[in-house]
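*Asks:* predicted model and sequence follow; I will ask about them next.
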Amino acid sequence: SDKWSFGIYYSNTFMNDLRTKNDDGSIAVDFDGPGPGGITYFSKLDVRVKNFDFPQHYGAGFAYMPTPSCRLSADIKYINWKRNWDQLELVFDGEAVPLKKIKFPVHIDDQTPLSLGVEYFFGEGQKYSAIIGFHYNDEAMTENYLNPIVPAEVQYQYSCGFSVKPAETCKMGIAFIYGDMDDPHSKSQHAYDKAIAEQFGAAGLDSELNNSKVKYSEYNIQLSFVQYW
C-alpha cells in the first residue's frame, strides 16, 4: 500500500568441496609435552574440506510511512550456521600422513540479527533523505573457538547517513557507522589445538590461535550507489 511494504528473503549457497591440486598441500605440526617433540612436516598432500557450505539465511522486513516524509523500517534475519558448521572436516590423501582426516570443532550457534531504521525525506520530489539506524547481531561463538574463517560479529552498530537522488534513476549515499563490542580474546588453549592434539595422540599443541585476539575498527564510512531500471 502507500504506507506499508513487506518483504521476505532467503539465501543459500551450494559449493563443491574445497580441495588442493597436484599434491601441493602440506601440514607442519609442532608437538610439545612428553615424547619426541619438535615440528613434524607432512607434504605432497591432497587436502579437501568436506561439506563446506555457507549457511542458509532467512529474513523478513517491513517499512511503514506514517507521513509522506518519514519511513520506519525493521528487518530480522535467521542465519542457520549449525546445519553445516558444528565442525569442519579436512580429508587428506598422501603418503605417510598419520591421519586421513582431521575434524575442527567450530561450535557456532545460529544467529538472529535485527536492524531498525528511520528515514526522513525532504527537498523537492523527496530528492534528499537523512537516515539513522541500529543493528544488533547476537554473538555466535565463544572466545575459545575464535578463528579467521568465522570471525566474531560486532554486536551493536549505530549509523547515520545522508542520500541524494541526482536523477530519478539513481541514488547516492554516505553513512557513518559506529560499532560497539569488546575485542574477543582466546585466553586459554584454543579448542582447535586441543581437538587436533587429541586426534594426533599428542600431549598438546601451541598454534597461533592460542591467546589470539580480534581487533575491530569502531568507526567506518560507507558509500553507496543505487541504479534503478
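*Replies:* Okay, I see it.

*Asks:* would you map the strands across the protein?
*Replies:* For the chain, the strands defined by DSSP state E cover 4-11, 18-19, 25-32, 38-50, 56-67, 70-80, 87-93, 101-105, 114-122, 128-136, 156-167, 170-180, 204-205, 219-227.

*Asks:* paired strands for the first one, with orientation please.
*Replies:* Sheet partners assigned to strand 4-11 using DSSP bridges are listed as strand 56-67 (antiparallel).

*Asks:* quickly note the distance from the closest residue in space to residue 143 that isn't next to it in sequence to residue 146.
*Replies:* What sits nearest to residue 143 in space, not counting adjacent residues and going by C-beta to C-beta, 6 or more residues apart in numbering, is residue 184, at 4.8 Å. Where C-beta positions appear, they are placed from N, C-alpha and C, glycine not excepted. Applying C-beta to C-beta, to the nearest Å, the value for residue 184 to residue 146 is 6 Å.

*Asks:* now swap in residue 134 and tell me
*Replies:* As judged by C-beta to C-beta, residue 134 and residue 146 stand 25 Å apart.

*Asks:* between those two, who's got more neighbours?
*Replies:* Applying other C-beta atoms under 10 Å to residue 134 and residue 146 shows that residue 146 carries more neighbours, namely 20 against 14.

*Asks:* any low-confidence regions in the protein?
*Replies:* Counting by pLDDT under 70, the chain contains low-confidence ranges at 29-38, 94-99, 148-153, 182, 203-204, 216-217.

*Asks:* from what I can see residue 58 touches residue 76, true?
*Replies:* No. At 9.2 Å, residue 58 does not count as touching residue 76 under the criterion of C-beta atoms under 8 Å.

*Asks:* the residue nearest to residue 143 - how many residues pack around it?
*Replies:* 21.

*Asks:* do residue 81 as well
*Replies:* 19.

*Asks:* hmm, residue 54 and it touching each other?
*Replies:* No. Counting by C-beta under 8 Å, residue 81 does not reach residue 54; the two are 9.4 Å apart.

*Asks:* which helix is the longest one in this structure?
*Replies:* Looking across the chain with DSSP state H, the single longest helix is helix 191-200.

*Asks:* just the buried residues of that one, please?
*Replies:* Buried residues in helix 191-200, counting neighbours by 16 or more other C-beta atoms under 10 Å, are found at 191-193, 195-197.

*Asks:* again with stretch 220-229
*Replies:* Quick answer for stretch 220-229: no buried residues (16+ other C-beta under 10 Å).

*Asks:* could you do stretch 109-129 as well?
*Replies:* 111, 113, 115, 117, 119, 121, 129.

*Asks:* ditto for stretch 61-76
*Replies:* Quick answer for stretch 61-76 (16+ other C-beta under 10 Å): 61, 63, 65, 71, 73, 75-76.

*Asks:* start and end of that stretch, how far apart?
*Replies:* 6 Å (C-alpha to C-alpha, to the nearest Å).

*Asks:* how about stretch 53-73?
*Replies:* One end of stretch 53-73 sits 31 Å from the other (C-alpha to C-alpha).

*Asks:* show me the contact partners of that stretch.
*Replies:* Residues outside stretch 53-73 that contact it (C-beta atoms under 8 Å, 6 or more residues apart in numbering): 2-15, 74-81, 83-85, 115-122, 126.

*Asks:* reformat the strands of the chain as CSV; add distance to residue 211.
*Replies:* Output for the strands of the chain, formatted as CSV (distance: least, C-beta to C-beta, whole Å):
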stretch, distance to residue 211
strand 4-11, 35
strand 18-19, 28
strand 25-32, 15
strand 38-50, 20
strand 56-67, 33
strand 70-80, 28
strand 87-93, 22
strand 101-105, 18
strand 114-122, 32
strand 128-136, 29
strand 156-167, 26
strand 170-180, 23
strand 204-205, 13
strand 219-227, 27
